[in-house]
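>>> below are the sequence and a predicted model; questions follow.
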Amino acid sequence: MMKSVRIIFGTAAAWGFLLLVPGLFGEARFNAAMPPAISHPEFYYGFHGLALVFQLIFVMIAIDPTRYRPLIAIAILEKIAFFAPAMILYQQGRLAVGGPFWGAMIDGLWALLFALAWWLSRNGQAKIEP
């Protein structure tokens, strides 16, 4: 069971790094693809930085899912934090089917996989020792 959890989080981390690292160098490309241009680049880079930090959390979970099982719940929330608002915006007609929509759908899939990992890891909970 823990092997499945390791695979889920290891794959999530690899996927995240592959998508996010190029974004650190892609502000101009983003501005061209998604006008108008970003007026507050600190939000753009802040998003990428925070998302990359979460990939490190996914690596920690992949290495020792029993010890870091409480972080799985937080990882689920991290995925829902983009998926839920994007789906609400889509329902309101404020988000077109395109890059952000599909990114949200992928985060929704990761949220489901993380929930599966939470369920699979339920019997291997670590006892915290001093």
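Yes, it's here.

>>> just the C-alphas of stretch 85-98, formatted as CSV.
Extracted C-alpha coordinates of stretch 85-98, given in CSV (Å, rounded to 0.1, in the frame of the first residue of the first chain):
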residue,chain,number,x,y,z
PRO,A,85,-12.4,28.2,-7.6
ALA,A,86,-11.7,27.3,-11.3
MET,A,87,-14.8,25.1,-11.5
ILE,A,88,-16.9,27.9,-9.9
LEU,A,89,-15.5,30.4,-12.4
TYR,A,90,-16.2,28.0,-15.2
GLN,A,91,-19.8,27.6,-14.1
GLN,A,92,-20.1,31.4,-14.0
GLY,A,93,-18.8,31.7,-17.5
ARG,A,94,-15.7,33.5,-16.3
LEU,A,95,-13.2,30.7,-17.2
ALA,A,96,-13.0,29.4,-20.8
VAL,A,97,-11.9,25.9,-21.7
GLY,A,98,-8.2,26.4,-22.2
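
>>> do you know the pLDDT at Gly49?
pLDDT, Gly49: 96.

>>> report the distance from the strand or helix carrying it to the chain centre.
Taking DSSP states H and E as the criterion, Gly49 maps to helix 41-63. With Cα atoms, centre = their mean, to the nearest Å as the basis, helix 41-63 stands 8 Å off its chain's centre.

>>> give me the contacts around the next helix or strand after that helix.
Using DSSP H and E, the helix or strand that follows helix 41-63 towards the C-terminus is helix 69-91. With contact meaning Cβ atoms under 8 Å, 6 or more residues apart in numbering, helix 69-91 is reached by 5, 9, 12, 54, 57-58, 60-61, 65, 95, 97, 100-101, 103-105, 107-108, 110-111, 114-115, 117-118, 121, 124-126. Where C-beta positions appear, they are placed from N, C-alpha and C, glycine not excepted.

>>> pull the residues that contact the helix or strand just after helix 69-91.
The element immediately downstream of helix 69-91 (helix or strand, assigned by DSSP H and E) is helix 99-120. Residues outside helix 99-120 that contact it (Cβ under 8 Å, 6+ apart) are 1-2, 4-5, 8-9, 12, 33-34, 61, 65, 69, 72-73, 75-76, 79-80, 82-83, 86-87, 90, 95.
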